[in-house]
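>>> Predicted model follows, preceded by the sequence.
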Amino acid sequence: MCPTGTKLQQSRKRNQKSNLRSAFDVLDADGDGRISYDDLRAFYVAQHISGPGGSDEDVIESMISAADSDNDGYVEYDEFERVLNGGKGKSKNGRANGAMEDAFRVMDEDGDGKVGHEDLKNYLNWAGLEARDEDVRAMIRLGGGDENGGVTFDGLLKILSV
C-alpha cells in the first residue's frame with residue numbers, strides 16, 4: 001500500500017514553524033516577543049545592510065506596516081508567520097502578497113525584476129543562513145529560473161513554499 005504522507009506533511013509543518021520562529025527570534029533584538037522598528041534597525045546596522053537607494057528607514061517602515069495587521073506598531077509572531085506563509089488574506093494595502101513583494105524588491109539588489117544567484121545568496125547570508133553555491137542554484141531551478149537570469153517574484157514564492 002501507498003503511504004498517505006500525513007506524517008511527512010506534519011513533520012514539514014513543524015520544521016517550517018521552528019524555522020520561522022528562529023528567524024523571528026533573530027529579528028526580535030530585545031527579545032520582547034515582537035519586532036519593532038528599533039529591532040529591525042538594529043538588525044540592519046549589525047548586518048551592514050543598506051536598503052534600496054540607501055533609504056533604510058523607508059524599507060523598515062514598509063516592512064513593519066505590511067506585516068502589522070493590528071496597527072500597534074509591532075510585528076508579533078502570528079503576524080510574522082502569516083506574512084511568511086503567503087499572507088492568508090490581504091495586506092492593509094489590498095495586495096495578497098504585499099509584504100512578500102516588498103521582500104522581493106529588497107532581495108533584487110540590482111533592480112532587474114529577478115532575484116539572481118548573487119541576490120539570493122546575499123539575502124540568505126544577510127538572514128544568517130549559510131548557502132553554498134550549489135544550494136542557491138538548486139533553489140533558482142526550483143523556482144523555474146536559470147542561473148543566468150534568476151527567478152521572478154512568482155518563482156521566489158515557489159522557492160519559499162517548499
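Yep, that arrived.

>>> Nearest spatial neighbour of N122, chain-adjacent residues omitted?
Computed as CB to CB, 6 or more residues apart in numbering, the closest residue to N122 that is not its neighbour in sequence is E109, at 6.6 Å. No exception for glycine: its C-beta is placed from N, CA and C like everyone else's.

>>> what about that neighbour, how many neighbours?
16 (other CB atoms under 10 Å).

>>> can you check E76 too?
By other CB under 10 Å, the residues close to E76 number 18.

>>> State the distance from it to D68.
According to CB to CB, to the nearest Å, E76 stands 9 Å off from D68.

>>> How about F80?
10 Å.

>>> cool, and D154?
As judged by CB to CB, D154 and D68 stand 25 Å apart.

>>> Please say which of those two ends up with more neighbours.
Each of D154 and D68 has its neighbours counted (other CB under 10 Å); D68 has more, 21 against 11.

>>> correct me, but that one touches Y74?
Yes: contact criterion CB atoms under 8 Å: D68 and Y74 qualify, at 6.6 Å.

>>> any idea which helix or strand of the protein has the worst average confidence?
helix 6-27 (a mean of 61; mean pLDDT, DSSP states H and E).

>>> Please name the strands paired to the helix or strand following that one in the sheet, noting orientation.
For helix 6-27, the following helix or strand on the C-terminal side (DSSP states H and E) is strand 34-35. For strand 34-35, the paired strands and their directions (DSSP bridges) are strand 75-76 (antiparallel).

>>> Could I get the average pLDDT for the partner strand?
The average pLDDT for strand 75-76 rounds to 94.

>>> Stretch 109-121 now?
Mean pLDDT, stretch 109-121: 86.

>>> Run through who's touching that stretch.
52, 104, 107-108, 122-123, 131, 133, 136-137, 139-140, 145, 147-152, 155-156 (CB atoms under 8 Å, 6 or more residues apart in numbering).
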